[in-house]
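Novice: Turn this into a structure:
(4 chains)
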Protein chains: 2
Amino acid sequence: MTPDRPLRADAARNRAALLDAAAAEFAEQGLEASVADIARRAGIGKGTVFRHFPTKDDLLAAVVLDRIDGLASLARTLIPAADAGAALLEFMGAAAGRQRQLDLSFLREAGGVNERLDGARSELFEAIIALVERAKSAGAIRPDVTGMDVILLMCAPNHVVSFVPGAPPELWRRYLAIIFDGLRPAGANPLPHPSPG
Amino acid sequence: MTPDRPLRADAARNRAALLDAAAAEFAEQGLEASVADIARRAGIGKGTVFRHFPTKDDLLAAVVLDRIDGLASLARTLIPAADAGAALLEFMGAAAGRQRQLDLSFLREAGGVNERLDGARSELFEAIIALVERAKSAGAIRPDVTGMDVILLMCAPNHVVSFVPGAPPELWRRYLAIIFDGLRPAGANPLPHPSPG
DNA sequence: CCCTAACGTGACCAAGCGGTCCGCTTAACG
DNA sequence: CGTTAAGCGGACCGCTTGGTCACGTTAGGG
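Specialist: Sure, this is the predicted structure:
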């Protein structure tokens, strides 16, 4: 599949710089950040970007893949935690406490353009579902919410905060706390619509 | 200020069709909907769009203004309601139960490019704050949330739902219910960060 | 009915986008 | 070293977008 002859030194260096720059630029500008800006930030030419990634979407996929893998391994680490409720809250905090836009983009990419990304996403979802089930069993969250609910609500704090102009960097914690309180069993009211697939 | 000589009949007709088409197109495509598409949908030429609104942002502002005014008048209607908690929930439902993207765009438009829009926004905010204060006094929501919190959380359900591909049209109600449960006093945990201005 | 000012329109423009390509540079191995 | 292929980069292409303009059309008061 992948002969993967090792990259030349300068190529590897540029690729790393490119990924860093792309992550930063996507985080700041949203996913309509231009390839030219990313290249400039990385200190390389635009052509070099397309040498490493055939298309802008592939570049985005690589950045997103990093992030998904990081979140998935964190989730797996947290599954056996003693306090399942705290573990879920910590995970949601890690998911929310990043820069804007990128966060749920891996959900949006519906079609299986990128197989590795699809696999990583599935693994992440499974880990999240396990976290949620453990938290439910422990009585830390209400029984009528699903893993999918948590996945969807995960980065709402981040999104919400993006609307306040000079937002303090920790403001998202406030909205995560409110939303998480909504996930707790105490005072839960019946939900008016079933959870999506 | 505004001499406002009445529009010619055809101009008024076109303007109305344009606003309708713009609202629909922005709702469906998000705010990157193209002016050409909007014009086509309205059944008029692209040039006519720019005759009525000097810039695309002005057109968007007009659409948003309609929406803000509608929400503001609904909020004012709801302020004296007997059940202040139910009134707030109904308002948040009305705010969420619209098409995607447009919802919080009026928050985003920071700079006072459009004076009328700024005024309408202020009025809307004041009405929401009144609703929230009444709900707090009635004990329907926790005392540590502010009007601004509600404004920010208002359309999160809508946003969250936009990530599930073939989402049922009422799915947002589920997430509004969860978030609203997080606003209730029952089982509320202390919030880790002060509310923004 | 007619004249004019208001209005409508589609060709047109400049800017920015993702993506391509080919001549130059340079890392790495014998 | 010297050779060579991998790597680099910026000019370039096709396309779309927001916005303009000169021209033809039409509403509507006199």
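
Novice: Could you report the distance from residue A:116 to residue A:68?
Specialist: Here residue A:116 is placed at a distance of 10 Å from residue A:68 (CB to CB, to the nearest Å). For the C-beta atoms, the positions are set from N, CA and C on the backbone; glycine is no exception.

Novice: One more: residue A:196?
Specialist: 20 Å.

Novice: same check, this time on residue A:38
Specialist: In this structure, residue A:38 and residue A:68 are separated by 20 Å, where distance is defined by CB to CB.

Novice: could you show me where the helices are in chain A, in order?
Specialist: Secondary structure of chain A (DSSP state H): helices located at A:9-29, A:35-42, A:46-52, A:56-78, A:84-96, A:105-108, A:115-137, A:147-153, A:156-161, A:172-183.

Novice: Export these as a markdown table, with columns for distance to DNA strand C.
Specialist: Supplementary listing: the helices of chain A in a markdown table, determined by distance: least, CB to the nearest atom of the strand, whole Å:
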| stretch | distance to DNA strand C |
| --- | --- |
| helix A:9-29 | 3 |
| helix A:35-42 | 4 |
| helix A:46-52 | 3 |
| helix A:56-78 | 3 |
| helix A:84-96 | 26 |
| helix A:105-108 | 14 |
| helix A:115-137 | 16 |
| helix A:147-153 | 27 |
| helix A:156-161 | 22 |
| helix A:172-183 | 27 |
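
Novice: out of these, nearest to chain B?
Specialist: When the helices of chain A are compared for distance to chain B using CB to the nearest CB, the nearest one is helix A:172-183, at 2.9 Å.

Novice: tilt between the closest one and helix A:115-137?
Specialist: An angle of 60 degrees separates the directions of helix A:172-183 and helix A:115-137 when computed by axes from the mean of the first three to the mean of the last three CA atoms, to 10 degrees.

Novice: Tell me, how many residues neighbour residue A:75?
Specialist: A total of 24 residues lie near residue A:75 under the criterion other CB atoms under 10 Å in any protein chain shown.

Novice: so what's the nearest residue to it once chain neighbours are set aside up against?
Specialist: In space, not counting the residues next to it along the chain, residue A:75 is nearest to residue A:127; the distance is 3.6 Å by CB to CB, 6 or more residues apart in numbering or on different chains. By CB atoms under 8 Å, 6 or more residues apart in numbering or on different chains, the residues touching residue A:127 are A:72, A:75, A:76, A:79.

Novice: Could you check how far residue A:127 is from residue A:161?
Specialist: 25 Å.

Novice: Could you list the low-pLDDT ranges of chain A?
Specialist: The model of chain A has pLDDT under 70 over residues A:1-4, A:98-113.

Novice: If we use 90, what do you get?
Specialist: A:1-7, A:27-31, A:64-68, A:96-121, A:155, A:158-159, A:161-167, A:169, A:187, A:197 (pLDDT under 90).

Novice: and it, what are its domains?
Specialist: According to the domain assignment given by automatic domain parsing, chain A is divided into the following structural domains: A:8-52, A:56-183.

Novice: end-to-end on the longest one?
Specialist: Start to finish, the residues bounding domain A:56-183 are 37 Å apart (CA to CA, to the nearest Å).

Novice: And for the nearest residue to residue A:139 once chain neighbours are set aside, the neighbour number?
Specialist: Using CB to CB, 6+ apart and skipping residues adjacent in sequence, the residue nearest residue A:139 is residue A:185, 6.3 Å away. For residue A:185, the neighbour count with other CB under 10 Å is 15.

Novice: Pretty sure residue A:185 sits against residue A:138.
Specialist: No: if you go by CB atoms under 8 Å, residue A:185 and residue A:138 don't touch, sitting 10.4 Å apart.
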